[in-house]
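> Sequence and predicted structure, then a few things I'm wondering about:
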Amino acid sequence: MTLTQKRLIVLTAVILAAAISGRLAVRGFMNLLLGGTMFGGNFL
Amino acid sequence: MWGFIYVGAFIAAFAVSAVIKLTYNPLGDKYSMHWDDSVGTVYSDLSYNEGAANKFDLYVPSDSGKENYGLVVYLHAGGFTSGDKADDVEMLQWLCSKGYVAAGINYTLFSEEHPQANVYTQSMEIRDSIPFVLEEAEKLGYHIDRMAMSGGSAGHCLAMLYAYRDAAASPVPVKMVFGAVGPSCFYLEDWINMGCDPKHPISVDSDTDYSGMAGLFSVMAGRAITNNMLMNGAYLDEVKDISAAMWVDENSVPSVFAYGAWDRAQAFSASKRLDAALTEHGVPHEYIVFEHSGHGLQNDNSQYAQFMVKVTEYLEKYLGT
């Protein structure tokens, strides 16, 4: 595996983690205002 | 350089994901449409009573050839202190597209300017507005012979008060009520658990000072309620006029309602009392609980779809087309 391939895998993981974090952050903020659980129901 | 790329990618993906989450409409376009003259016409800011807020918008369908029409009143949310009929344009347009005459009605909000406004005075304004809505529809050539009440949050509370408390005196028969997250009654043991884990409610403690809750109930009811009254139960007489669930009987209208189990803005347990009262009196109803959501019903999209399906079914069954 080349160094570029490794970097692209890391980049993909970073993007995935950021996307999940973004959804969870919104859900957490909305729950703080309105009430609700962090998990269950909708996907994230 | 790759460090910057990783940081940039994280920020961009985080922001895009958050925006998609915020703007995603779980129902898609199913309950909205392109509004133009082929669907209906809206008449805005028609007056009832003398107050500056006593205005309503009337949506009439383009098909004006029927002998009779059903009216659907939809009352706006906003915690009795904010909001406007303009907030519900999509819902009112959708109702109108179903062939109903739809009305969004404003009411005087509790504010520094109107410190005497409360849930009771607002419910009286809604009661007073209905003859004006019917008269205006008649003038436009739409004879109303039946109606449904509906609303969101505070609007749902006011809709239920008209449907369960005032329906007997309504100029046209009320056939059903639907809505979401509206306070249905004001029991201390429900409201001290607002926003708490619904599986582990706390009990009323006679040594605790509930003056804050007494103040909240006082403001909402427009009557003086003290901590002592909360302790001896006398407050229940004072909040009855704003507690729709306390007016449910065997003559109450079919109902569809949705509540979030983790609601931080009103007491979820109050909705259980509403469900129990309707069940006890054999009133057809649908009680849809959003197990993971709060006041915004934001975490249970499948339940939201189910709620709208039931609303549509009940409208067709009880209000007709």
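Nice, thanks for sending it over.

> how close does the one residue in the stretch 201-321 of chain B that gets nearest to chain A get to A:Phe39?
Residue nearest to chain A within the stretch 201-321 of chain B (Cβ to the nearest Cβ): B:Gly294, separated by 2.5 Å. Placement of C-beta: from N, CA and C, glycine included. In this view, B:Gly294 and A:Phe39 are 14 Å apart by Cβ to Cβ, to the nearest Å.

> Tell me which of the two has more neighbours.
Taking other Cβ atoms under 10 Å in any protein chain shown, B:Gly294 and A:Phe39 do not tie; B:Gly294 has more neighbours (27 against 11).

> Make sure the residue of the stretch 201-321 of chain B closest to chain A is actually in contact with A:Gly36.
Yes - using Cβ atoms under 8 Å, B:Gly294 is in contact with A:Gly36, at 4.2 Å.

> so what's in contact with these two at the same time?
By Cβ atoms under 8 Å, 6 or more residues apart in numbering or on different chains, B:Gly294 and A:Gly36 have these common neighbours: A:Met30, B:Gly260, B:Trp262.

> helices or strands up against the helix or strand harbouring the first one?
Counting by DSSP states H and E, the element that carries A:Met30 is helix A:3-34. For helix A:3-34, the packing partners by 3 or more Cβ pairs under 8 Å, 6 or more residues apart in numbering or on different chains; DSSP states H and E come out as helix B:2-23.

> Could you pull out the buried residues of the helix it packs on?
Within helix B:2-23, the residues that qualify as buried are B:Tyr6, B:Ala9, B:Phe10, B:Ala13, B:Phe14, B:Ser17, B:Ala18, B:Lys21, counting by 16 or more other Cβ atoms under 10 Å in any protein chain shown.

> just stretch B:280-290 next, same as before
By 16+ other Cβ under 10 Å, the buried positions in stretch B:280-290 come out as B:Val283, B:His285, B:Glu286, B:Tyr287, B:Ile288, B:Val289, B:Phe290.

> Please list all residues in contact with the residue of the stretch 201-321 of chain B closest to chain A.
Contacts of B:Gly294 by Cβ under 8 Å, 6+ apart are A:Met30, A:Asn31, A:Leu33, A:Leu34, A:Gly35, A:Gly36, B:Gly195, B:Gly260, B:Trp262, B:Asp263, B:Arg264, B:Ala265.

> Where does confidence bottom out across those residues?
Among the contacts of B:Gly294, B:Gly195 has the lowest pLDDT, at 91.

> that's a strand at that residue, yeah?
No - according to DSSP: H, G, I helix; E, B strand; the rest coil, B:Gly195 belongs to no strand; its state is coil.

> circling back to that earlier point, what's the closest non-adjacent residue to the residue of the stretch 201-321 of chain B closest to chain A?
With Cβ to Cβ, 6 or more residues apart in numbering or on different chains as the criterion, B:Gly294 has its nearest non-adjacent residue at 2.5 Å, and that residue is A:Gly35.

> Look up phi and psi at the one you found.
Backbone torsions of A:Gly35, given as degrees, to the nearest 10, read phi 100, psi 150.

> Test my guess that it contacts B:Gln298.
No - using Cβ under 8 Å, A:Gly35 makes no contact with B:Gln298, being 9.3 Å away.

> Find residues that contact each of these two.
Contact criterion Cβ under 8 Å, 6+ apart; residues shared by A:Gly35 and B:Gln298: B:Gly260.

> Leaving out sequence neighbours, find the closest residue to B:Asn93.
To be clear, residue B:93 is Gln; Asn isn't right here. Closest residue to B:Gln93 apart from its sequence neighbours, by Cβ to Cβ, 6+ apart: B:Trp35 at 4.9 Å.

> burial measure for the one you found, as a count.
Per other Cβ under 10 Å, the neighbour tally for B:Trp35 reads 18.

> The closest residue to B:Val248 other than its chain neighbours sits in which helix or strand?
Closest residue to B:Val248 apart from its sequence neighbours, by Cβ to Cβ, 6+ apart: B:Ala277 at 3.9 Å. Secondary structure assignment for B:Ala277, by DSSP H and E: helix B:268-280.

> quick one: contacts of that helix?
For helix B:268-280, the surrounding residues in contact (Cβ under 8 Å, 6+ apart) are B:160, B:183-187, B:189-191, B:193-194, B:198, B:201, B:244-246, B:248, B:252, B:255, B:257, B:259-262, B:285, B:287, B:289.

> mean confidence score for that helix?
Helix B:268-280 comes out with an average pLDDT of 98.

> From the chain's centroid, how far away is the very next helix or strand once past that helix?
Once the chain leaves helix B:268-280, the next helix or strand it forms, by DSSP H and E, is strand B:285-290. How far strand B:285-290 lies from its chain's middle: 14 Å, per Cα atoms, centre = their mean, to the nearest Å.
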